[in-house]
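>>> Need the 3D shape of this:
(chains A and B)
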Amino acid sequence: MQVNVRLFARLRDIAGAGEVSRQVPDDATVSTVWETLANEFPELSEYRASISAAVNAEYSRMDAPVGDGDEVAFLPPVSGG
Amino acid sequence: MSTSSYAVTTVPLDIGALVDIVTAPRADAPIGPGAIATFVGVVRNHNAGRRVERLEYEGYEPLAIRSFERMGKEACAQWDVRVALHHRLGTLQIGEASVVIAVASPHRADAFAACRYVIERVKQIAPIWKHEFFEGGDVWIEGATADPDNEDARQDAYRIAVGDRASASSVSATQPEPSGVAGNAG
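Predicted coordinates:
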């Protein structure tokens, strides 16, 4: 199945794009999607312990399942305000 | 200017508009406001020893709005308040407002506390990032790992809001921020 990935701030810089689509296995979790990207862009790996994730614009755990067509977002530590 | 209580926008922020939002007459609130607390975060010209030239704010808009709504609900569950919160995105020059918060309440103690609470929660869980352009370079500012379900963080925001700093345990409350991740604005 296909998921649409959103990346922000430095994660976006590392990947060179803020929106990418990737094929993942049908039993994929948010974590699977992250690992797919981290394999492709090794610099992302250092963020594994500090990222947050969202599925379809709701905060999500890394072990949450994802579905075909979902928007999966990865967020580095935030700095709003 | 958005008339919504919660918004992200690339146009300049207007605290007066937020005051209007939280003080507009409402049928389900028979007791009107007796106090309005406001907070305006602006872009500071120095950060972590660097001379800041501008900030570029990036955000995940739909999640930002939902996180603002969540903060507002948390504040309303704790205090007798009405809350409005707008955050700017895009390029901001020194002195420009990046975030504005207005809180109305029948009483000042609730207004002040809720206003402080909301800006602390913005720092913790709003999916927004500062890209700092300073003299000689640029850096993404990375603060807190956003986790809205982290009850310890929420409690820290509450303790800071009510002035109980002695028992607030978070880095943001009691320790200087490490260089390179210190925040500007807000």
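>>> Where does the prediction get shaky in chain A?
The model of chain A has no residue with pLDDT under 70.
>>> Does the residue in it positioned nearest to chain B lie in a helix or a strand, and which?
Proximity of chain A to chain B (CB to the nearest CB) peaks at residue A:81, 2.1 Å away. All C-beta spots, glycine's among them, are computed from the backbone N, C-alpha and C. Secondary structure from DSSP states H and E places residue A:81 outside every helix and strand.
>>> Confirm for me that it is in contact with residue B:120.
No. If you go by CB atoms under 8 Å, residue A:81 and residue B:120 don't touch, sitting 9.0 Å apart.
>>> Just give me the neighbour total for residue 62.
Going with chain A. Residues lying near residue A:62 (other CB atoms under 10 Å in any protein chain shown) number 16.
>>> not what I meant, chain B
16.
>>> and it, helix, strand or coil?
Of the three states, residue B:62 takes helix under DSSP: H, G, I helix; E, B strand; the rest coil.
>>> Go ahead and confirm it touches residue A:59.
No. Using CB under 8 Å, residue B:62 is not in contact with residue A:59, being 11.6 Å away.
>>> residues in contact with residue B:114?
Going by CB atoms under 8 Å, 6 or more residues apart in numbering or on different chains, residue B:114 touches B:37, B:75, B:78-79, B:81, B:83, B:103, B:105, B:161.
>>> Quick check: the farthest pair among these?
B:37 and B:78 (14.2 Å; CB to CB).
>>> which one of those two has more residues nearby?
Ranked by neighbour count (other CB under 10 Å), residue B:37 and residue B:78 place residue B:37 first, with 21 against 15.
>>> Need the nearest residue in space to the residue nearest the centre of chain B, chain neighbours excluded.
For chain B, residue B:119 is the residue whose C-alpha lies nearest the centre (CA atoms, centre = their mean; 3.1 Å). Nearest non-adjacent residue to residue B:119, counting by CB to CB, 6 or more residues apart in numbering or on different chains: residue B:39, 5.4 Å away.
>>> for the one you found, helix, strand, or coil?
Following three-state DSSP, residue B:39 is assigned to strand.
>>> wait, it sits on residue B:99?
Yes. Counting by CB under 8 Å, residue B:39 does reach residue B:99; the two are 7.5 Å apart.
>>> so what's the residue nearest to residue A:23 when sequence neighbours are not counted up against?
Once flanking residues are discounted, residue A:23 sits nearest to residue A:2: 5.7 Å by CB to CB, 6+ apart. Shown in contact with residue A:2 (CB under 8 Å, 6+ apart): A:21-24, A:68-69.
>>> How about the residues of chain B by chain A?
Counting by CB under 8 Å from any CB of the partner chain, chain B comes close to chain A at B:41, B:57-60, B:62-64, B:66-67, B:87, B:98-99, B:119, B:122-131, B:140-149, B:181, B:183, B:185-186.
>>> Of those residues, select the buried ones using a ChimeraX command.
Applied in ChimeraX, the following selects the buried portion of the residues of chain B next to chain A according to 16 or more other CB atoms under 10 Å in any protein chain shown:
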select /B:41,57,58,59,60,62,63,64,66,67,87,98,99,119,122,123,124,125,126,127,128,129,130,131,140,141,142,143,144,145,146,148,181,183,185,186
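>>> No further questions, thank you.
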